[in-house]
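Student: Take a look and give me a structure for this.
(one chain, ligands or ions: 1)
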Amino acid sequence: MPHSDNIVYAGPENPGKVLSEYIGETEKNFFLTDKNTADKCYPIIQKLFPGLNDEHLIVLDAGDDEKNITSLHHIWSFLQHHGAGRNSRLINLGGGMITDIGGFAASTFKRGIPFVHIPTSLLGMVDAAIGGKTAINLSKVKNQAGTFARAEAVIIYPQFLQTLPRDEFLSGYAEILKTAIAFDKALFEKLLQIKGGGSLIKNISEDIIRRTASIKNEVTTGDFHDRAERQCLNFGHSVGHALEALYFSNGDEIKHGYAVAAGMLCEAFISKQILKLREEDYLEIGKYILNTFPNVSFREKDIDSIINLIRHDKKNYGDDIRMSLIEAAGKCNFGISCPEGIIKDSLKHYLEITGA
Ligand SMILES: NC(=O)c1ccc[n+]([C@@H]2O[C@H](COP(=O)([O-])OP(=O)(O)OC[C@H]3O[C@@H](n4cnc5c(N)ncnc54)[C@H](O)[C@@H]3O)[C@@H](O)[C@H]2O)c1
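Tutor: Modelled structure (predicted):
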């Protein structure tokens, strides 16, 4: 079901006015946060709306492990015990963990109540809160149950980023870079001027956030159920998700964006072999990724396991591994069949250039 633009931008000069259209001080609103966003972000909302009913605040522990069936049950029960009805609204104030589980809870409670996302992480603002996918993890496997459901509004208020930890910021930046490489050459060239390190945070302008959010909104509006072009948003994610799963199976954790950055480097290498991405474009992308994100470490003997994990990707078709690859910066193709040997070469090459 295609839908129109539901993104609302709140600037520093009038956030209360913008937010009040969707939040107001109504008794019917419920807020979902995790412990960090309850601590750092909810007070900002409270300041704007002093009459808010704090009894309607639901607080989960932070971290992706909490995006589970127990937390979902807790949200449903809370809504039920506090008399939420079809005309109540759930306001999801947090990063992608909160908007994913909050969207799922709202879209299924009493067969669906309205919900608003207020993303507070960079990844949430440019990616997770946009496009209507909701989910929880099952038995530690990511996003196994969920719905396609549209938020009434996604309110982007970049002031929230001031308290976001630096590694979370950098992780979100990988999704901005992915969107640029897959869809918008001009945006990619703008990003190339931004250096990593401490200055990254102050150099991400509101314009860059808006442009990235609007690309995600456009693409997902045109392909709401992820059957075609939306798959290009997964550039870097076939390898990236497999690296995340490898870490997870070893009992380690890795930031999603760092795995996606390594995945983009490998998939740019594969794009060079299959879609004839020019060598100089590959080198430019590779150099920028290596200078901006921490290396992901794995061993040569892990490569077979990584290939097996890539085989579980939802974009595959039977035994055929399919990826979204680029023919040039800003030009992505989806559903491209990738021979296993080329994927292995890309991983070996990653090990060589990173010395990991
Ligand atoms: N639905 C989609 O289309 C989609 C797309 C991409 C990712 N996702 C999902 O998004 C999730 C990852 O999102 P994320 O990176 O935002 O993770 P997250 O929600 O876990 O947030 C990361 C950390 O930052 C903290 N935080 C968030 N905002 C803060 C702020 N303003 N100040 C201080 N701390 C803050 C959180 O408490 C958490 O500890 C994953 O579950 C992923 O599957 C969904």
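Student: which bits of the chain sit near the ligand?
Tutor: Contact residues of the chain with respect to the ligand, defined by C-beta under 6 Å from any ligand atom, are listed as 34, 36-37, 40-41, 62-64, 67, 94-98, 100, 120-121, 123-124, 127-128, 131, 133, 142-143, 160, 163-164, 168, 171, 256. For the C-beta atoms, the positions are set from N, CA and C on the backbone; glycine is no exception.
Student: out of these, which are inside helices?
Tutor: 36-37, 40, 96-98, 100, 123, 168, 171, 256 (DSSP state H).
Student: hmm, back to that, quick one: buried ones out of the residues of the chain next to the ligand?
Tutor: 34, 36-37, 41, 62, 64, 67, 94-98, 100, 120-121, 123-124, 127-128, 131, 133, 142-143, 160, 164, 168, 171, 256 (16 or more other C-beta atoms under 10 Å).
Student: what does the model give the closest residue to the ligand within the stretch 201-350 of the chain for pLDDT?
Tutor: When you check the stretch 201-350 of the chain against the ligand by C-beta to the nearest ligand atom, the closest residue turns out to be His256, at 5.9 Å. The predicted local confidence for His256 comes out at a pLDDT of 95.
Student: Tell me where the stretch 51-200 of the chain has strands.
Tutor: 57-60, 89-94, 115-119, 133-138, 141-148, 153-156 (DSSP state E, counting those that start in this stretch).
Student: Now do the same contact list for the closest residue to Lys272 other than its chain neighbours.
Tutor: For Lys272, ignoring the flanking residues on the chain, the nearest one in space by C-beta to C-beta, 6 or more residues apart in numbering is Tyr282 at 4.8 Å. If you count contacts by C-beta atoms under 8 Å, 6 or more residues apart in numbering, Tyr282 has them with 268-269, 271-272.
Student: now swap in Pro12 and tell me
Tutor: Taking C-beta under 8 Å, 6+ apart, one finds Gln159 in contact with Pro12.
Student: Give me the pLDDT value at it.
Tutor: Looking at Pro12, its pLDDT stands at 79.
Student: Quick check: the gap between it and the ligand.
Tutor: 15 Å (C-beta to the nearest ligand atom, to the nearest Å).
Student: could we number from 24 for the rest of this?
Tutor: Yep, numbering from 24; the last one is Pro35 now.
Student: can you tell me the residue of the stretch 174-323 of the chain closest to the ligand?
Tutor: Thr186 (3.6 Å).
Student: That residue and Lys63, how far apart?
Tutor: With the distance defined as C-beta to C-beta, to the nearest Å, Thr186 ends up 4 Å from Lys63.
Student: now Gly245
Tutor: Gly245 sits 35 Å away from Lys63, going by C-beta to C-beta.
Student: what do you get for Phe101?
Tutor: Per C-beta to C-beta, Phe101 is found 21 Å from Lys63.
Student: swap in Asn110?
Tutor: Here the criterion is C-beta to C-beta. By it, Asn110 lies 30 Å from Lys63.
Student: quick one: the residue of the stretch 224-373 of the chain closest to the ligand and Leu145 touch, right?
Tutor: No - judged on C-beta atoms under 8 Å, His279 makes no contact with Leu145 at a distance of 11.7 Å.
Student: what touches both of the two?
Tutor: Taking C-beta under 8 Å, 6+ apart as the criterion, His279 and Leu145 both touch Ser194.
Student: how about stretch 255-264: buried residues?
Tutor: Of all the residues in stretch 255-264, those buried under the rule 16+ other C-beta under 10 Å are 255-264.
Student: Low-confidence regions, the stretch 24-173 of the chain specifically.
Tutor: Along the stretch 24-173 of the chain, the parts satisfying pLDDT under 70 run over 24-27, 48.
Student: For the spatially closest residue to Glu302 that is not a sequence neighbour, list the residues it contacts.
Tutor: The spatial neighbour of Glu302 that comes closest, neighbours along the chain excluded (C-beta to C-beta, 6+ apart), is Lys295 at 6.7 Å. For Lys295, the contacting residues are 301-302, 305, by C-beta under 8 Å, 6+ apart.
Student: element containing Lys295, please.
Tutor: In this structure, Lys295 sits in helix 279-297 according to DSSP states H and E.
Student: between that helix and strand 164-171, how many degrees?
Tutor: Using axes from the mean of the first three to the mean of the last three C-alpha atoms, to 10 degrees, the direction of helix 279-297 lies 90 degrees away from that of strand 164-171.
Student: Asn318 belongs to a helix, doesn't it?
Tutor: No - counting by DSSP: H, G, I helix; E, B strand; the rest coil, Asn318 is not found in a helix; it is coil.
Student: Can you get me a residue count around it?
Tutor: For Asn318, the count of nearby residues is 17 (other C-beta atoms under 10 Å).
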